[in-house]
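**Student:** Show me how the following folds:
(chains A and B)
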Amino acid sequence: MSAPAFVVLALIALALGAYVASGELRAVHRRRRLARPARRPQERVDPGVERRAELKARALLRSIVNPEEWQMYEDLGFIRVIGHGPEARDGHLARDPDAALAASGFSFLIYPHKPIVAYLPGSNSLLSEYCVEFPDRSERLYGPRLPDSDDVLAKWMMIKADEERLLRGANMHLPGRQVDPQRVRRDLWRLAEWERGRAARTAQRQRSEA
Amino acid sequence: MKFLRLMPGKGEVVLAEGDPRLSEDEELLVEEFRKQLDAGMWAAVPVTKGASGRREAIMVHDFAEIPEGTERVIFFPRAAGG
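**Tutor:** Model (predicted):
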């Protein structure tokens, strides 16, 4: 066989080999793609969804808690709940929130997605932080966190309904672990000012009505 | 009576609604109540104390524990130590 004929045959063989190999490679690639689990379409979360959920949660919270508690939350960003002290639990002082406050021994500050802070109302001494969450593991798209006001509502309902169960299930820590004690003291001062202002406005309204 | 569930990204969602005095509605409500508790939810009922008018809440563990005249039962995820 002459040299030119050998070169031509070699080129033809190379071209055929490349063609067959590329077909095999395409088939392998296709098989791998089919074997891969189908990718879910990109889940797009509407950026306004959290805000709308929070607005709904606020409306629900407002319809369930006491009017002054709602006002407190709106003005100060937290709710103070009076603990069920022994006397308050008996119901003797249920009609007078101030008397119940004094008798209860301790109170709680409920912040959204932060531990519940227990303190002594007389001295404003911080007692402890109760870390508690209400994670909804069934929700995959939005994660397990409830909207802020729903978190506050869940804590409020638990304290009102079954304080002991809530506190038993929570992780208790010394003050300052997650909530800055300075912030809590400042919030207690703000709360006292808020209550003074509210009492003054109520007295003024009563005088003008009389 | 309305059954509401607190949900991430949604706020409260109406799960069921009906008049428990009607047997058909009651059946539906009982079934939904069980379903929620089986799914790990807790149920609370907002109440108003008669004498003081103070708003409180009670936890219910069975449909029969829901006070008569209740308008809303709130389901929310169980508490976990944070």
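
**Student:** Only C-alpha atoms from now on, for both contacts and neighbour counts.
**Tutor:** OK.

**Student:** what about residue 28, helix or strand, and which?
**Tutor:** Just going to use chain A. Using DSSP states H and E, residue A:28 sits in helix A:3-35.

**Student:** That was the other one, I meant chain B.
**Tutor:** Using DSSP H and E, residue B:28 falls within helix B:23-38.

**Student:** next one: residue A:145
**Tutor:** Residue-wise, residue A:145 maps onto no helix or strand under DSSP H and E.

**Student:** For it, what are phi and psi?
**Tutor:** phi -80, psi 130 (degrees, to the nearest 10).

**Student:** what's the neighbour count on it?
**Tutor:** 18 (other C-alpha atoms under 10 Å in any protein chain shown).

**Student:** interface residues of chain B facing chain A?
**Tutor:** Within reach of chain A by C-alpha under 8 Å from any C-alpha of the partner chain, chain B has these residues: B:6-12, B:44, B:46, B:51-52, B:54-59, B:76-82.

**Student:** Can you find the helix or strand in chain B with the smallest mean pLDDT?
**Tutor:** Lowest by mean pLDDT, DSSP states H and E among the helices and strands of chain B is strand B:80-81, with a mean of 82.

**Student:** what lines up beside that one in the sheet?
**Tutor:** strand A:125-133 (antiparallel) (DSSP bridges).

**Student:** Apply the buried test to the residues of chain B next to chain A and list what passes.
**Tutor:** Among those, those classed as buried by 16 or more other C-alpha atoms under 10 Å in any protein chain shown are B:6-12, B:44, B:46, B:55-59, B:76-79, B:81-82.

**Student:** Next, check these against the strands and list the overlap.
**Tutor:** Residues of those located in strands (DSSP state E): B:6-7, B:11-12, B:44, B:46, B:55-59, B:76-77, B:81.

**Student:** Pull the contacting residues for residue 47.
**Tutor:** Picking chain A for this. The contact partners of residue A:47, by C-alpha atoms under 8 Å, 6 or more residues apart in numbering or on different chains, come to none.

**Student:** oops, chain B please
**Tutor:** Counting by C-alpha under 8 Å, 6+ apart, residue B:47 touches B:55, B:56, B:57, B:58, B:70.

**Student:** so can I have JSON lines of these showing distance to residue B:24 and pLDDT?
**Tutor:** Shown next, in JSON lines, are the contacts of residue B:47 (distance: C-alpha to C-alpha, whole Å; pLDDT from 0 to 100):
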{"residue": "B:55", "distance to residue B:24": "31", "pLDDT": "94"}
{"residue": "B:56", "distance to residue B:24": "30", "pLDDT": "94"}
{"residue": "B:57", "distance to residue B:24": "27", "pLDDT": "95"}
{"residue": "B:58", "distance to residue B:24": "26", "pLDDT": "95"}
{"residue": "B:70", "distance to residue B:24": "18", "pLDDT": "95"}
